[in-house]
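Student: give me a 3D structure for the following:
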Amino acid sequence: MLLAGTALANGLEITVDGEAQGVIKIDLAEDVAPKHAERLKTLAASGAYDGVVFHRVIDGFMAQTGDVEFGKAGENISRAGTGGSDLPDLPAEFSDIAFDRGVVGMARSQNPDSANSQFFIMFDKGYFLNGQYTVVGKVTEGMDVVDAIKRGTGGNGAVAGTPDRMVSVKVTD
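Tutor: Numbers count the residues shown, from 1 in each chain. Next up is the predicted model:
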């Protein structure tokens with residue numbers, strides 16, 4: 001198993017376009033973060049993630065996406081990163097799984113119980129996040145695609161110009 005002690009039954013297959021092109025496969029840790037895994041699957045199955053940009057990308061740290069409200073490519077994405085879905089925020093599901101390279105975590109505001117639709121993929125370890133953010137899965141294929149995602153600038157990693165996007169996000173068995 002990729003995440004020690006977890007059952008990884010379902011996942012996501014993300015087709016990326018832009019500077020990065022290809023497919024990222026993620027196994028979801030449903031027994032560690034069942035509400036968060038279910039949320040990602042629900043939004044993916046409804047097509048909500050299709051066309052959403054990677055709006056915050058910090059070299060050596062992570063690539064963030066999933067703002068289904070303000071992050072659709074081809075629209076005004078100046079507010080990307082400030083929205084979520086029309087579903088309620090989720091309570092934290094913290095675990096002892098470390099934020100290593102390829103780990104997928106749920107983005108949130110200062111409130112630990114504010115995760116909704118946004119998630120991030122780690123380029124490298126970020127142990128300062130351990131126990132502070134919900135781990136929802138791990139990349140099993142396509143880290144080369146993750147590594148190629150267009151980087152942002154400045155302290156917040158905002159991506160200027162045309163960010164890379166998730167063309168489609170499908171639920172897999």
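
Student: run a quick neighbour tally on Phe128.
Tutor: In terms of burial, Phe128 registers 9 neighbours under the definition other CB atoms under 10 Å. Bear in mind the C-beta positions are built from the backbone N, C-alpha and C, glycine included.

Student: how near is it to Phe61?
Tutor: 10 Å (CB to CB, to the nearest Å).

Student: and stretch 84-104, what's buried?
Tutor: 84-85, 90, 92-93, 95, 97-99, 101-104 (16 or more other CB atoms under 10 Å).

Student: next: stretch 128-145.
Tutor: Buried residues in stretch 128-145, counted by 16+ other CB under 10 Å: Leu129, Asn130, Tyr133, Thr134, Val135, Val136, Gly137, Lys138, Val139, Gly142, Met143, Val145.

Student: one more: stretch 141-160?
Tutor: Buried residues in stretch 141-160, defined by neighbour count with 16+ other CB under 10 Å: Gly142, Met143, Val145, Val146, Ala148, Ile149, Lys150, Arg151, Gly152, Gly157, Ala158, Val159.

Student: what about it, how long is it end to end?
Tutor: In terms of CA to CA, to the nearest Å, the two terminal residues of stretch 141-160 are separated by 27 Å.

Student: and stretch 43-59, by the same measure?
Tutor: Using CA to CA, first and last residues of stretch 43-59 are 27 Å apart.

Student: equivalent analysis for stretch 34-54, please.
Tutor: Across stretch 34-54, the straight-line distance between its terminal residues is 24 Å, by CA to CA.

Student: now stretch 47-60, how far from the chain's geometric center?
Tutor: On the basis of CA atoms, centre = their mean, to the nearest Å, stretch 47-60 sits 7 Å off its chain's mean C-alpha point.

Student: er, stretch 50-62 actually
Tutor: So, by CA atoms, centre = their mean, the centroid of stretch 50-62 is 8 Å from its chain's centroid.

Student: quick one: mean pLDDT for it?
Tutor: For stretch 50-62, the mean pLDDT works out to 97.

Student: ditto for stretch 80-99
Tutor: 97.

Student: alpha carbons only: can I get that stretch in CSV?
Tutor: Once non-C-alpha atoms are left out, stretch 80-99 reads as follows in CSV (Å, rounded to 0.1, in the frame of the first residue of the first chain):
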residue,chain,number,x,y,z
ALA,A,80,-9.1,31.7,-8.2
GLY,A,81,-8.2,30.2,-4.8
THR,A,82,-10.9,32.1,-2.9
GLY,A,83,-13.9,29.8,-3.8
GLY,A,84,-15.2,26.4,-3.3
SER,A,85,-18.2,24.3,-4.3
ASP,A,86,-21.8,24.8,-3.4
LEU,A,87,-21.4,21.9,-0.9
PRO,A,88,-20.7,22.6,2.8
ASP,A,89,-17.2,22.8,4.2
LEU,A,90,-15.8,19.6,5.7
PRO,A,91,-14.5,18.9,9.2
ALA,A,92,-10.8,18.2,9.4
GLU,A,93,-9.7,14.5,9.1
PHE,A,94,-6.1,14.9,10.3
SER,A,95,-3.9,11.8,10.4
ASP,A,96,-0.3,10.8,11.1
ILE,A,97,0.5,10.5,7.4
ALA,A,98,3.4,12.7,6.5
PHE,A,99,3.3,15.3,3.7
